[in-house]
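In: below is the sequence, then the predicted model.
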Amino acid sequence: TQKMAELPGLGDERGEGASGAPTLADCCLADNRLNLDVYPAGCRRLLQLFEGRRAEVVQVEFLRLSTNDRLLGAALGVLPRLKHLKSLVLKGGHARDEFGSCQHGSLTSLPPDVGSLRCLTHLDLSFNSLSTLPSCIPRLPSLRVLSVSHNSLVALPEDFGSLSKLTFFSAMKNQLMDLPQSIGDLAALKDLDLSENALEALPEEVGNLHSCTQLDLSGNRLSSIPDSVGNLKALRQLHLHSNLLVTVPASLASLPNLSRLDLRNNCLRAVPPEIQTLPFVHLRGNPLGETEPSPQAEGSSATELQRLFLASGEDSFTVTSEGCEVILACGIHFYFPPGAASDPVRIDFRSLEPDPRWVKLRHHDVLLSRVLELQPHGVTFQQEVQIWMPYASPQSLQQREVVVRTFSGHSWSDLRTQVEQETKSKKHVAHCCVLHFSWFLVVSRLVQNECQVSTEGTLLFSSVDPNIKVTFPPGVTEETRSVKLQVLPVSAEEIAELTADAGCRASPLLCLSQDSLVDFLKPVRIQLPLPFGVTGLNLDRSRLHLLRGDVQGQTWDDITSQVVLELTHLYAVFEVTHFSWYWLWYTTKTYIGGIAKKVYERLRMYQVNFIALQRKKDPEQVLLQCLPKHKVDPVLKKLQDRYRGPEPSDMVEMFEGEQFFAAFERGISIDMDRPDCVDGRLSFIFYSHLKNMKEIYVTSPVDRKGQAVKGQVSFYRGAVPESIPEEASRRRKGPDSLWLATLPIKLPRLKPRWGENPSPQNGFSFSPLNLGNAETGYLTQANLLSIARRVGADWQTIGLNLGLTYQQIERIGYNHREDLDKQILDMLFSWAQQNSEDPDCVSKLIKAMKESGRQDIADEVESIIELGRHKYRESIRRVGLEQESSTEDSATATM
């Protein structure tokens with residue numbers, strides 16, 4: 001081992017090194033084993049060994065390869081030649097993507113001839129990209145252990161049951177929706193793990209697995225399990241938590257060897273008494289004892305359940321005891337079951353911009369939706385109300401989970417959430433169930449693994465990186481406490497870039513927390529993988545540092561000398577009595593705590609660019625947006641047909657939830673009455689997965705004598721967020737540090753405005769016109785003239801969506817065939833005159849703009865209406881006519 005630690009590289013693959021010592025190839029190829037997954041370019045080494053030392057390689061019985069290797073395809077061709085192979089491990093997860101997450105391997109299939117490996121008993125294909133099980137696997141006659149966890153399997157083949165000698169099968173973390181009937185033919189199967197899939201039902205044949213001792217079906221969509229499971233007399237542990245179970249067969253209580261039955265977090269309202277009295281059953285998180293409608297009544301209600309589709313202008317609905325389904329214009333969906341409300345209750349809702357002053361994100365959280373407020377706050381329903389919230393799909397965020405977070409008025413908490421995809425729209429939605437209404441939003445967080453630690457002790461491992469384990473020995477605590485584990489993967493490339501040192505390496509960042517303030521009575525044993533590229537064979541212990549960080553990541557202390565650090569070939573193991581952040585570093589740097597602090601700060605920051613584009617048909621319409629740098633090119637490509645403008649700004653760094661402003665300068669101004677305008681500047685909040693975009697209309701002085709205006713828009717930082725590191729906060733103070741970027745804006749010569757200085761040539765005279773009403777907000781004639789200036793060539797589509805006939809559109813086009821401006825005015829004001837008495841005409845106008853692809857105009861109309869409502873409420877308040885607000889509403893306004 002000492003000699004191997006001194007070897008810098010592979011050396012001569014065919015013989016001895018220059019000093020006569022064994023080469024790395026000799027060490028890899030020892031005792032009929034080839035462990036190549038821990039070395040860079042392992043597939044290349046296999047191909048070289050097979051070419052140079054074929055007689056030895058074909059005798060190999062144990063082979064490990066990383067499927068993150070670019071030469072994997074060529075290496076797979078060697079496998080059928082290894083006739084003596086007993087164990088084959090082809091796992092991914094050895095590389096990190098650009099976000100620091102474990103990268104699944106590129107393996108999608110196996111050569112058909114692999115099925116001829118008659119000696120193969122162990123096959124591990126975890127952390128890969130398999131969508132179907134390779135057809136050669138059911139033909140492996142001696143296979144006993146098969147792991148395909150962390151893949152993308154949607155089904156198992158019908159001949160899967162031909163693996164008659166299989167004793168262990170794990171398909172955890174796939175997308176299996178059903179199982180073949182032949183699974184019951186696996187007579188020797190003892191351990192079956194199908195957790196965290198999409199199973200909705202089990203075949204009756206699962207009851208034929210008479211040798212099965214452990215069955216894990218947790219984290220699926222099962223509403224029931226077949227009675228045949230009661231035939232599994234050898235079963236010792238049955239995990240069914242986190243499903244949708246509404247019933248379980250009483251026969252489970254008669255299983256003679258059962259020692260653990262986990263039914264937590266299901267929909268069980270009643271459990272057979274013989275099961276409920278079992279000492280080893282776990283039922284927490286079920287609505288036990290709640291009344292459930294009879295099947296007949298439930299079926300009757302389901303067929304007659306009222307469905308409400310609300311338009312964009314509506315902001316309330318009423319729920320009765322009969323229940324209903326409600327679909328909002330923004331895509332949010334509610335299901336109120338019959339009996340959820342004993343008396344009619346009016347539900348008011350609104351969508352709010354997330355304000356970082358009260359939307360408190362935790363470190364490494366990513367916001368995926370606006371805030372949904374539902375009133376009355378705190379109203380209690382008799383049955384759970386289901387909510388589906390659309391969110392911005394975090395396609396680039398791997399090894400994370402999406403949850404709905406709710407605000408009680410004092411603190412935020414995460415709800416049990418299921419992620420679904422709508423069949424037609426393909427949009428992602430977060431599904432949760434609640435008994436109370438308040439504020440809700442969707443976030444992406446680091447995957448959180450949780451367990452209950454009792455006096456008996458337990459084991460907790462990370463589902464992101466199973467190599468990270470926490471062992472709690474017996475007697476570690478007197479009272480049961482809850483422990484949470486989160487892992488932040490960090491790639492070697494990212495560490496090298498942030499430290500400007502290619503020799504720096506770091507393990508995944510481990511965060512441990514608990515719900516108790518008391519330290520553990522006995523040391524807790526933690527296992528961390530060694531930093532990427534470092535093994536127990538080649539490391540220098542003087543370069544290895546174990547760091548402990550505080551809750552805010554402000555300080556990182558080197559505790560290497562305070563713990564006993566045990567090292568194996570792949571892992572570092574140590575013991576602690578209280579929890580914090582833990583990070584393993586391998587570097588020659590001395591002040592490692594300061595370096596880790598800076599790296600941790602940078603890991604929370606986003607590199608962004610600003611864009612300022614002008615609409616080609618109307619240069620006074622300006623689009624402003626702040627984008628993470630990897631989104632800039634795709635967004636510009638989508639906008640290039642309709643917009644033009646300068647190149648994006650230089651890259652700057654921002655935190656999730658950080659405020660910034662846009663100020664128009666050098667002769668360009670905007671409407672100061674906009675709700676989002678603060679001291680003449682537009683206010684933004686940066687959220688990496690939300691659209692930090694605003695489309696506004698700018699003006700310039702009327703006395704510019706027909707000359708073009710060369711102005712600019714500058715971006716400035718806002719208030720310093722509370723949660724950012726102290727050092728970053730210091731850099732954001734002072735006038736020079738507030739400026740972020742400046743982009744040019746050019747306006748052409750000013751044209752006469754429609755409606756200004758009307759003359760006989762116009763051919764139009766408009767009588768006073770107001771759409772809407774004072775309470776909901778008016779659209780005045782001036783507003784309509786402003787809207788008309790922005791319609792452009794889309795006027796025909798907008799007119800049709802407003803309800804004008806094709807004949808009307810054709811007549812308007814013919815009457816003003818030489819003047820686009822008059823065509824637009826005639827269309828818009830003809831519709832307005834016909835619908836001025838309709839109380840919903842403004843909502844119809846907004847809907848028509850959206851249907852015509854003019855979201856920009858729809859947003860502008862909504863802003864005008866909201867401003868009108870605000871002014872109306874203020875006027876009512878000034879004359880003292882407004883009713884007293886409830887205590888709860890006052891609390892809301894304060895917040």
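Out: That came in fine, so what should we check first?
In: now do the strands in the stretch 701-850 of the chain.
Out: Secondary structure of the stretch 701-850 of the chain by DSSP state E, counting those that start in this stretch: the strands cover 709-717, 739-747, 770-773, 777-780.
In: next, format the ones you listed as JSON lines and append mean neighbour count.
Out: (Glycine included, C-beta is placed from N, CA and C.) Shown next, in JSON lines, are the strands of the stretch 701-850 of the chain (neighbours: other CB atoms under 10 Å):
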{"stretch": "strand 709-717", "mean neighbour count": "18"}
{"stretch": "strand 739-747", "mean neighbour count": "18"}
{"stretch": "strand 770-773", "mean neighbour count": "18"}
{"stretch": "strand 777-780", "mean neighbour count": "19"}
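In: indicate which one of those is closest to Gln306.
Out: strand 770-773 (28.1 Å; CB to CB).
In: low-confidence stretches in the stretch 251-400 of the chain?
Out: 285, 289-304, 312-313, 394-398 (pLDDT under 70).
In: mind showing which ranges of the stretch 1-150 of the chain have poor pLDDT?
Out: Using pLDDT under 70, the stretch 1-150 of the chain drops low at 1-31, 37-40, 95-102.
In: all strands for it, in order.
Out: Under DSSP E, counting those that start in this stretch, the stretch 1-150 of the chain gives strands at 29-30, 33-35, 62-66, 87-91, 95-96, 102-103, 122-124, 145-147.
In: can you list those strands in CSV and add mean neighbour count?
Out: Output for the strands of the stretch 1-150 of the chain, formatted as CSV (neighbours: other CB under 10 Å):
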stretch, mean neighbour count
strand 29-30, 16
strand 33-35, 18
strand 62-66, 22
strand 87-91, 21
strand 95-96, 20
strand 102-103, 22
strand 122-124, 19
strand 145-147, 19
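In: closest to Asp826 out of those?
Out: strand 102-103 (59.3 Å).
In: who wins for proximity to Leu828 among the strands of the stretch 1-150 of the chain?
Out: With CB to CB as the measure, strand 102-103 is the member of these nearest Leu828 (53.8 Å).
In: the stretch 251-400 of the chain: strands as residue ranges?
Out: So, for the stretch 251-400 of the chain - with DSSP E, counting those that start in this stretch - the strands run 260-262, 281-282, 306-309, 316-319, 324-327, 333-336, 345-352, 366-367, 371-375, 380-390, 400-407.
In: which one of these lies closest to Glu51?
Out: Nearest to Glu51 among the strands of the stretch 251-400 of the chain is strand 400-407 (42.2 Å), distances taken as CB to CB.
In: how about the CA coordinates for the closest one, as CSV?
Out: Extracted in CSV, the C-alpha atoms of strand 400-407 (Å, rounded to 0.1, in the frame of the first residue of the first chain):
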residue,chain,number,x,y,z
ARG,A,400,-33.0,18.4,-5.5
GLU,A,401,-36.6,18.1,-4.5
VAL,A,402,-39.7,20.4,-5.0
VAL,A,403,-41.9,21.2,-2.1
VAL,A,404,-44.8,23.5,-1.3
ARG,A,405,-43.9,25.9,1.5
THR,A,406,-46.6,27.6,3.6
PHE,A,407,-46.6,30.6,5.9
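In: quick check: mean pLDDT of the helix or strand following that strand?
Out: Next in sequence after strand 400-407, counting helices and strands by DSSP states H and E, comes strand 412-414. Taken as a whole, strand 412-414 has a mean pLDDT of 89.
In: buried residues, strand 412-414. List them.
Out: Residues Trp412 are the ones in strand 412-414 that count as buried (16 or more other CB atoms under 10 Å).
In: and it, what does it pack onto?
Out: strand 400-407 (3 or more CB pairs under 8 Å, 6 or more residues apart in numbering; DSSP states H and E).
In: so the strand it packs on versus strand 380-390, what angle?
Out: 140 degrees (axes from the mean of the first three to the mean of the last three CA atoms, to 10 degrees).
In: partners of strand 400-407 in the sheet?
Out: Using DSSP bridges, the strands paired with strand 400-407 are strand 412-414 (antiparallel), strand 439-446 (antiparallel).
In: distance between it and the chain's centre?
Out: Here the centre of strand 400-407 is set off from its chain's centre by 9 Å, with CA atoms, centre = their mean, to the nearest Å.
In: got the contact list for it?
Out: 358, 366, 368, 387, 389, 391, 394, 412-415, 417, 419, 428, 430, 432, 434, 438-448 (CB atoms under 8 Å, 6 or more residues apart in numbering).
In: could I have the buried ones of those residues as PyMOL selection syntax?
Out: Here is the PyMOL command that selects the buried residues among those (16+ other CB under 10 Å):
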select buried, resi 366+368+387+389+391+394+412+417+428+430+432+434+438+439+440+441+442+443+444+445+446+447+448
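In: circling back: ranking the strands of the stretch 251-400 of the chain by burial, who's on top?
Out: strand 366-367 (a mean of 24; mean count of other CB atoms under 10 Å).
In: counting contacts, what elements does that one pack onto?
Out: So strand 366-367, by 3+ CB pairs under 8 Å, 6+ apart, packs with strand 439-446.
In: return the distance of Thr588 relative to Glu493.
Out: As judged by CB to CB, to the nearest Å, Thr588 and Glu493 stand 19 Å apart.
In: okay, these two: which has more neighbours?
Out: The neighbour comparison of Thr588 against Glu493 (other CB atoms under 10 Å) goes to Glu493, with 15 against 11.
In: show me the shaky parts of the stretch 551-700 of the chain.
Out: 552-553, 671-675.
In: and with 80 instead?
Out: Along the stretch 551-700 of the chain, the parts satisfying pLDDT under 80 run over 551-554, 590, 617-618, 670-676, 699-700.
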